[in-house]
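In: what follows is a predicted protein model with its sequence.
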Amino acid sequence: IILALWFQYHVGPSIVRRSGWAWKLYSLIPGTGKMVYSAWYDPCDQYDPETEIKLIEQCAGNAGVYRPMFLSTLFFSLFAIASGVVPSLNREAWPAKYCIFFFSMLVCMFIPSDPLFSQIYLWFARFGAAGFVV
């Protein structure tokens, strides 16, 4: 939840504004800044950047929430299946699991929001949440 809030209110808007330390970190390597910017900005290109910058920041922030939630869903589902096959895996290798999760989070920044996060996973999460509540 903390990562999702951080992505929504800090990382997404700073990538769209091209400011802040998160943007500077990703723009250090040549070519990655443009990849990250387009991955986060493309689903928000329906808004006018001159007059609706707040809506673009909100759109990028919303797209930022889907990244850690998708990764958490994938991570815990895979390890639930793996621990069903090998029960001792649930108790072992937690430092490696943390490293896999956080490196996956860094890679997740480069995946375009459209269609994986803003169409496919969004609907999967909505139905999954409704099923969980029921």
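Out: Yes, it's here.

In: ok, how many other residues are close to residue 26?
Out: Taking other Cβ atoms under 10 Å as the criterion, the count of residues near residue 26 is 21. For every residue, glycine as well, the C-beta is placed using N, CA and C.

In: isn't it up against residue 38?
Out: No - counting by Cβ atoms under 8 Å, residue 26 stays clear of residue 38, with 11.8 Å between them.

In: mutual contacts of the two, please.
Out: Taking Cβ atoms under 8 Å, 6 or more residues apart in numbering as the contact rule, residue 26 and residue 38 touch no residue in common.

In: now stretch 16-31: buried residues?
Out: Of the residues in stretch 16-31, those buried by neighbour count under the rule 16 or more other Cβ atoms under 10 Å are 16, 22-23, 26-27.

In: and which of those residues is nearest to residue 85?
Out: Within the buried residues of stretch 16-31, distances to residue 85 taken as Cβ to Cβ reach their minimum at residue 26, with 36.3 Å.

In: and the helix or strand containing that closest one, C-alpha only, in PDB?
Out: Using DSSP states H and E, the element containing residue 26 is helix 20-27. The C-alpha trace of helix 20-27 is given here as PDB (Å, rounded to 0.1, in the frame of the first residue of the first chain):
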ATOM      1  CA  GLY A  20      12.200  15.300  -8.700                       C
ATOM      2  CA  TRP A  21      14.700  12.700  -7.700                       C
ATOM      3  CA  ALA A  22      12.700   9.800  -9.100                       C
ATOM      4  CA  TRP A  23      12.800  11.300 -12.600                       C
ATOM      5  CA  LYS A  24      16.500  12.200 -12.200                       C
ATOM      6  CA  LEU A  25      17.300   8.600 -11.200                       C
ATOM      7  CA  TYR A  26      15.600   7.200 -14.300                       C
ATOM      8  CA  SER A  27      17.000   9.800 -16.700                       C
END
